[in-house]
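let me see the structure of the following:
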Amino acid sequence: MSKAANWINLNGKVAHVTGGGKGIGRAIATALSMAGAKVMVSDINEESAEETAIEIDGSYLQLDVSNSEAVYSALSETESVFGGIDILVNNAGLYEGYGGPIESISDEKWRALWSVNVDGVFYCCRTAADIMKRRGGGKIINVSSTQARTPGVGVSYDGSKAAVEMMTKTLALELAPFNINVNALAPGPTWVRDGEAPPVSAQNQFNNEDPLSRAVGNRIERLPLGHWGDPMEQGKAAVFLASEMSAFVTGAYLPCDGGWLAL
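Predicted coordinates:
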């Protein structure tokens with residue numbers, strides 16, 4: 001194997017991917033496995049976590065990341081089974097149905113979204129940092145969004161992803177002395193509906209009466225690369241951040257967005 005190939009080789013590495021049962025999470029788990037990592041897939045839906053694990057010959061467990069005790073138990077189990085955690089991907093998140101106009105967002109929806117999208121990332125990073133310190137280093141990848149910087153879904157979701165970006169930068173500084181890289185992956189428009197082809201026109205997918213929705217549809221129509229993203233494109237970006245290719249990268253916000261943020 002050439003030296004360059006070794007840079008992307010994850011053989012001997014242990015990864016834990018939250019929200020790995022479907023969509024982007026499943027693609028990230030698959031890509032890490034293809035690069036050689038042993039992968040623990042966790043998801044609130046145990047059945048979907050099992051399906052992913054079977055596909056990639058990995059392991060799985062049920063996990064609600066909004067529960068701090070459950071997070072500690074799950075990541076500790078990963079350490080117990082595999083001897084440690086080298087790569088943590090905080091992908092679990094709530095999205096569809098949790099945005100919209102501020103007056104339509106109930107207290108329950110607001111708290112549910114932030115408990116997963118923000119508290120869950122914090123809980124996982126806290127436990128993983130302790131494990132990685134004992135292991136001598138590691139890589140933490142927090143899945144943010146392009147909508148951390150360009151609003152589109154609503155104050156609940158967009159605000160939560162902006163919080164993830166700042167959490168990433170702060171932890172990158174705090175954990176750098178322990179050889180732990182912390183970066184954010186920011187997916188742009190990525191089509192994750194199994195069995196459905198992406199629409200030719202993005203405008204058909206959004207409510208043109210809503211200014212945020214209309215802006216998102218217009219931006220997708222003008223994407224420089226001209227098409228919706230595929231989940232595996234996010235998986236490839238995650239492999240970069242998990243590998244030696246990104247050894248000198250920390251505190252970064254990496255858009256994988258087809259040029260969304262360039263518009």
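
run a quick neighbour tally on the closest residue to residue 225 other than its chain neighbours.
Distances taken as C-beta to C-beta, 6 or more residues apart in numbering place residue 258 nearest to residue 225, at 3.9 Å, with adjacent residues excluded. Glycine gets a C-beta too; all of them are placed from N, C-alpha and C. Close neighbours of residue 258, defined as other C-beta atoms under 10 Å, add up to 22.

cool, and residue 40?
Residue 40 has 28 neighbouring residues, counting by other C-beta under 10 Å.

rounded mean pLDDT for the strand or helix carrying it, please.
Element membership for residue 40, per DSSP states H and E: strand 38-43. The pLDDT scores in strand 38-43 average 98.

next structured bit after that strand?
helix 46-56.

sheet-wise, list the partners of the longest strand anywhere in the chain with their directions.
Secondary structure of the chain per DSSP state E: the longest strand is strand 180-187. Counting by DSSP bridges, the strands paired with strand 180-187 are strand 138-143 (parallel), strand 253-256 (parallel).

which stretches in the stretch 51-200 of the chain count as strands?
59-62, 87-90, 138-143, 180-187 (DSSP state E, counting those that start in this stretch).

buried sites along the third one?
Applying a neighbour-count criterion of 16 or more other C-beta atoms under 10 Å, one finds 138, 139, 140, 141, 142, 143 buried in strand 138-143.

what sits against the third one?
When contacts are counted by C-beta atoms under 8 Å, 6 or more residues apart in numbering, residue 140 is found next to 87-88, 90, 125, 128-129, 132, 171, 175, 180-183.

next one: the fourth one
With C-beta under 8 Å, 6+ apart as the criterion, the residues that contact residue 141 are 87, 88, 89, 90, 183, 184, 185, 238, 241, 242.

output the lowest mean pLDDT helix or strand found in the protein.
helix 211-221 (a mean of 79; mean pLDDT, DSSP states H and E).

any idea of the mean pLDDT for the helix or strand just after it?
Next helix or strand after helix 211-221 toward the C-terminus (DSSP H and E): helix 231-242. Model confidence over helix 231-242 averages 98 on the pLDDT scale.

which other residues reach helix 231-242?
For helix 231-242, contacts defined as C-beta under 8 Å, 6+ apart pick out 8, 10, 13, 15, 23-24, 26-32, 34-35, 37, 87, 89, 139, 141, 181, 183, 185, 187, 190-192, 246, 249, 254, 256.

kindly calculate the angle that it makes with strand 180-187.
Between the axes of helix 231-242 and strand 180-187, defined by axes from the mean of the first three to the mean of the last three C-alpha atoms, to 10 degrees, the angle is 160 degrees.

output the contacts of residue 141 as JSON lines; include the columns neighbour count and distance to residue 107.
Converted to JSON lines, the contacts of residue 141 look like this (neighbours: other C-beta atoms under 10 Å; distance: C-beta to C-beta, whole Å):
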{"residue": "87", "neighbour count": "28", "distance to residue 107": "35"}
{"residue": "88", "neighbour count": "30", "distance to residue 107": "30"}
{"residue": "89", "neighbour count": "28", "distance to residue 107": "30"}
{"residue": "90", "neighbour count": "29", "distance to residue 107": "25"}
{"residue": "183", "neighbour count": "26", "distance to residue 107": "33"}
{"residue": "184", "neighbour count": "27", "distance to residue 107": "28"}
{"residue": "185", "neighbour count": "26", "distance to residue 107": "30"}
{"residue": "238", "neighbour count": "32", "distance to residue 107": "34"}
{"residue": "241", "neighbour count": "24", "distance to residue 107": "35"}
{"residue": "242", "neighbour count": "28", "distance to residue 107": "37"}
